[in-house]
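Enquirer: Take a look and give me a structure for this.
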Amino acid sequence: MNALRTTRLLLRPMGVADAEQIIAGAPANGASWAPGYPSPGDRAAATRFLGACADIGDPSPFGSYEIARREDGLVIGGMGFHGAPDAQGHVTIGYGLAPSARGMGYASEALRALLHFARDRGVVCVHGDTDLDNIASQRVMTAAGMHLVDEDAQLKHYRIDWDGSTGQQ
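Expert: Residues are numbered from 1 along each chain as shown. Next up, the predicted model:
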């Protein structure tokens, strides 16, 4: 599968070797990672990806992606799906950027690309959540067109729909 391209970014599908390198914290020869990448969240996503590969095979295209800047190839974060769409056509996403890449609009740009990608493949609803105090992540989801739909003691829950329900686009 090819990388998803935006104006400034490439979302490269993660493979088994990529996931193993992320978990080990050691980039492949020639790869360049931003300071602070991979985070514990990136390692957790890579572990989840390897588990999916072992259980069901490569989950692509609904797997994980490394976010790299097009200008220099520097990997600045990760983004992806927590699995294939369910029977109703819903998926859940997650993402994170290295601290050195935050505040530049990269996460919103990457999330918009992933949302369009999901919609083009028949997904009718994308879910995401963030900690109550993670204002930056809340802004990312809002900027990408997602809407706050619920809040509990720990998380704010967002979603975007393309089937006429909450957050219709």
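
Enquirer: after the lowest-mean-pLDDT helix or strand in the chain comes which helix or strand?
Expert: Comparing every helix and strand of the chain by mean pLDDT, DSSP states H and E singles out helix 40-56 as the least confident one, with a mean of 91. Per DSSP states H and E, the first helix or strand lying C-terminal to helix 40-56 is strand 64-69.

Enquirer: List the contacts of that following strand.
Expert: 3-4, 8-14, 18-19, 45-46, 48-49, 74-81, 95, 97, 101, 106, 110, 114 (Cβ atoms under 8 Å, 6 or more residues apart in numbering). Placement of C-beta: from N, CA and C, glycine included.

Enquirer: what are the phi and psi values for the residue nearest in space to the middle of the chain?
Expert: Nearest to the geometric centre of the chain sits M79, at 2.0 Å (Cα atoms, centre = their mean). Phi and psi for M79, reported as degrees, to the nearest 10, are phi -160, psi 150.

Enquirer: shaky segments in this protein?
Expert: Residues of the chain meeting the criterion pLDDT under 70: 164-169.

Enquirer: Can you show me the helices along it?
Expert: Ranges of helices in the chain, per DSSP state H, are 16-24, 40-56, 106-120, 135-143.

Enquirer: Name the stretch among these that sits most buried.
Expert: Among the helices of the chain, ranked by average contacts under mean count of other Cβ atoms under 10 Å, first place goes to helix 106-120 (a mean of 19).

Enquirer: If you count contacts, what does it end up packed against?
Expert: Using 3 or more Cβ pairs under 8 Å, 6 or more residues apart in numbering; DSSP states H and E as the contact test, the elements touching helix 106-120 are strand 4-5, strand 9-13, strand 64-69, strand 75-81, strand 90-97, helix 135-143.
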